[in-house]
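Chemist: missing the sequence, but the structure's below:
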């Protein structure tokens, strides 16, 4: 180890970041690339005494077991908004700080939510395939579903949920939302019951945080309330939907269709989804634009820099 490496803070990386982030991080820190280690447990044990921070991603998190194995850990910096895969209780118990990357991805996720709604109801992917296959020369494409004039329910009305509502303001739809408490500043109808909102709306957009409190909250009851003309859009976490109940509802046409950016067991999702013609599937790409990913990486790096300089964190979670 060089003198420079010994002097720089040591950071455990749970997974790769884009090269535009990796390059400046290599200059500032000694990085331990966990995803490349053939024996991760041995790798962590070998470097545990040096590691002062974890740089992770939302889907990778940091478990209580990992946190316990790092006696000098001071900070967990998450590339993403969701911290449900980080054991926050274990961090709080030891005074370990946690940061995430809020706000910079609100617009992208909102854009994708609206785009998925349009893609599913107007059958845009099916239309693309219809033209490419040459089928248009022999028949007219089946009719789709009108978007304007519908009722759209948004499950979760934080930063991203309210941004989705603003996006929808140009679509001549009626918006309602489900949250624990009404938002005094919102002109939209509040629902204290998710099933009641599902019964009211034509499209249910899910943007709830992950974690135990919301696990399977979109269950068979909610899907029954949504009904055979209702559509589900999920841009939150795969855990928020009872996936077995959803697949059954899609296969039996108990709901009209779904547009999904998130799944259980990503990226090895249930193969039953691929056989369905009433779903639109995207690969957890809500924040997947170059502009937003650059902003997310910059925010992770700014939090790391602030911590090691003894300055206030930019976006603390815990």
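Modeler: Perfect, I can see it now. Keep in mind the model is a prediction, meaning the values are calculated, not measured.

Chemist: now the strands for the stretch 1-150 of the chain?
Modeler: 10-13, 30-33, 51-57, 75-79, 97-99 (DSSP state E, counting those that start in this stretch).

Chemist: Among those, show me which one is buried the most.
Modeler: Counting by mean count of other Cβ atoms under 10 Å, strand 75-79 has the highest mean neighbour count of these, with a mean of 27. C-betas here are computed from N, CA, C, even on glycine.

Chemist: Packing partners of that strand?
Modeler: Secondary-structure packing of strand 75-79 (3 or more Cβ pairs under 8 Å, 6 or more residues apart in numbering; DSSP states H and E): strand 51-57, strand 97-99, helix 290-308.

Chemist: could I get these as CSV with mean pLDDT?
Modeler: Listed next are these as CSV, based on pLDDT from 0 to 100:
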stretch, mean pLDDT
strand 51-57, 98
strand 97-99, 98
helix 290-308, 98
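
Chemist: right, and those - which one's nearest residue 198?
Modeler: Among those, helix 290-308 comes nearest to residue 198, with 29.8 Å by Cβ to Cβ.

Chemist: Residue 148 - how many residues pack around it?
Modeler: Using other Cβ atoms under 10 Å, residue 148 is surrounded by 8 other residues.

Chemist: what about the protein, any weak spots by pLDDT?
Modeler: Within the chain, the segments meeting pLDDT under 70 span 1-6.

Chemist: which residues in it form helices?
Modeler: 3-7, 19-28, 40-47, 64-68, 88-94, 106-121, 124-133, 159-168, 194-200, 220-226, 243-251, 290-308 (DSSP state H).

Chemist: Show me how far the fifth one is from its chain's centre.
Modeler: From the chain centre to the centre of helix 88-94 is a distance of 23 Å (Cα atoms, centre = their mean, to the nearest Å).

Chemist: what do you get for the second one?
Modeler: Here the centre of helix 19-28 is set off from its chain's centre by 24 Å, with Cα atoms, centre = their mean.

Chemist: Buried residues in that helix, which are they?
Modeler: 21, 25 (16 or more other Cβ atoms under 10 Å).

Chemist: now do the fifth one
Modeler: For helix 88-94, a neighbour-count test (16+ other Cβ under 10 Å) marks 88, 90, 91 as buried.

Chemist: measure residue 34 to residue 13 for me?
Modeler: Distance of residue 34 to residue 13, computed by Cβ to Cβ, to the nearest Å: 6 Å.

Chemist: Over to residue 191?
Modeler: Distance of residue 191 to residue 13, computed by Cβ to Cβ: 41 Å.

Chemist: ok, back up a step: is it possible to export the helices and strands packed on strand 75-79 to CSV including distance to residue 198?
Modeler: CSV is the format used below for these (distance: least, Cβ to Cβ, whole Å):
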stretch, distance to residue 198
strand 51-57, 31
strand 97-99, 33
helix 290-308, 30
